[in-house]
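Participant: sequence-free structure coming up:
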């Protein structure tokens, strides 16, 4: 079984026994008719916020960025750029830093401090939530630096050079602790690997012709399970939540990472997205699940403007 099939099978197993989430299967089967599939075309990253057009350094930029592509539960408390989300604040400030300071060596990265991260991302350390996030950023970067130094002699792209498939590249990434996005659900191991998968997606979008990214199985990846897709499915009434969980989300209470309800939210996003993609393909329309993720993400941006509903908040290093 492939790594991607393992993610899908594990999520399906959660869905079969979940108690916090229910699905309207009739609505699910009709859902493709409500989606704007023209948004399935994967658009490139914004040059204002991302380091683009720099070949290998663009790939290194995304490795550094996606190593810290988490913190949605902290973003409401961040000092963000004007008009920018938490993610785009991080992406743009990292871009500015690398343009002035260059790509750090893996040894330098393995010794980085929270104070240095706070300077790079312009966060006040007297803000307890932002300070905690900077500590997590520095931890993730130190792990990356140590991993690159130990396994690839300081070459950030070493794991790509040694991989012939996306599955192999992700398998290498998830040996690094901050990328080990795996939960336990009543004794069953449930992998999601959101950040490892989205790293390959980001690099492929930025440098689609790069010789290190000619993987034949990129379209076998799953959706990138975080707190956006469950929100979309909930707002579009494909899923319904237990009233207690619904209330907690709407009151912006934290949902614990690895809790049964959090695992169910992420697993239903993975499994139901597979069903939606299969329904679209049965109508002779070609779409990969990673492209469907882009459709649903765009749908999420629309829904934010139309609804007052909240995404679930979770503080972890996986999304």
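Facilitator: Structure received. The model shown is predicted, which means the values in this text are computed figures rather than measured ones.

Participant: contacting residues around the helix or strand residue 195 falls within?
Facilitator: In the assignment (DSSP states H and E), residue 195 maps to helix 194-206. Applying CB atoms under 8 Å, 6 or more residues apart in numbering, the contact partners of helix 194-206 are 42-45, 50, 52, 58-59, 62-63, 65-67, 69-70, 166, 169-170, 173-174, 178-179, 181, 210, 213, 215, 218, 221-222, 224-226, 290, 318-319. C-beta coordinates here come from the backbone N, C-alpha and C atoms, glycine included.

Participant: pLDDT score for residue 38?
Facilitator: What the model reports for residue 38 is a pLDDT of 84.

Participant: and for residue 33?
Facilitator: As predicted, residue 33 sits at a pLDDT of 93.

Participant: and the helix or strand of the chain with the lowest mean pLDDT with helix 194-206, angle?
Facilitator: One helix or strand of the chain scores below all others by mean pLDDT, DSSP states H and E: helix 289-306, with a mean of 92. Taking axes from the mean of the first three to the mean of the last three CA atoms, to 10 degrees, one finds helix 289-306 and helix 194-206 inclined to each other by 100 degrees.

Participant: now helix 289-306: buried residues?
Facilitator: By neighbour count on 16 or more other CB atoms under 10 Å, the buried set for helix 289-306 is 289-300, 303-304.

Participant: also stretch 220-232?
Facilitator: Neighbour counts using 16+ other CB under 10 Å place 220-232 of stretch 220-232 among the buried residues.

Participant: likewise stretch 242-251?
Facilitator: With burial defined by 16+ other CB under 10 Å, the residues of stretch 242-251 counted as buried are 245-246, 248-249.

Participant: tell me which of the contacts of helix 194-206 fall in strands.
Facilitator: Members of the contacts of helix 194-206 lying in strands (criterion: DSSP state E): none.

Participant: how is the protein carved up into domains?
Facilitator: Here the domain assignment for the chain is 3-42+220-306, 56-218, based on automatic domain parsing.

Participant: and the last one, average pLDDT?
Facilitator: In this case it means domain 56-218. Mean predicted confidence for domain 56-218 is 97.

Participant: and it, how far apart are its ends?
Facilitator: For domain 56-218, the first-to-last residue distance is 19 Å (CA to CA, to the nearest Å).

Participant: just give me how far it sits from the chain centre.
Facilitator: 10 Å (CA atoms, centre = their mean, to the nearest Å).

Participant: buried residues in the helix ranked longest in the chain, which are they?
Facilitator: Using DSSP state H to define each element, the chain has its longest helix at helix 128-152. Applying a neighbour-count criterion of 16+ other CB under 10 Å, one finds 129-131, 133-149, 151-152 buried in helix 128-152.

Participant: can you check stretch 302-319 too?
Facilitator: Buried residues in stretch 302-319, counted by 16+ other CB under 10 Å: 303-304, 310-319.

Participant: got it, and stretch 153-166?
Facilitator: Neighbour counts using 16+ other CB under 10 Å place 155-160, 163, 165-166 of stretch 153-166 among the buried residues.

Participant: first-to-last residue distance for it?
Facilitator: 21 Å.

Participant: list of residues touching it?
Facilitator: Residues from elsewhere that reach stretch 153-166, judged by CB under 8 Å, 6+ apart: 56, 59-60, 63, 103, 105-107, 148, 151-152, 168-169, 172-173, 200, 212-213, 215-218, 220-221.

Participant: ok, now stretch 177-186?
Facilitator: Residues from elsewhere that reach stretch 177-186, judged by CB under 8 Å, 6+ apart: 13-14, 17, 67, 139-140, 143-144, 173-174, 189-196, 257-258, 260, 262-264, 266-267, 317-318.

Participant: in helices, which of those fall?
Facilitator: Using DSSP H, the contacts of stretch 177-186 in helices are 13-14, 17, 67, 139-140, 143-144, 173, 194-196, 260, 262-264, 266-267.

Participant: out of those, which end up buried?
Facilitator: Among the ones in helices among the contacts of stretch 177-186, those buried by neighbour count (16+ other CB under 10 Å) are 13-14, 67, 139-140, 143-144, 173, 194-196, 260, 262-264, 266-267.

Participant: gap between the two ends of stretch 203-212?
Facilitator: Using CA to CA, the end-to-end distance of stretch 203-212 comes out at 10 Å.

Participant: if we can go back for a sec, what's the farthest-apart pair in the buried residues of stretch 220-232?
Facilitator: Spatial extent of the buried residues of stretch 220-232 (CB to CB) is set by the pair 220 and 231 at 25.2 Å.
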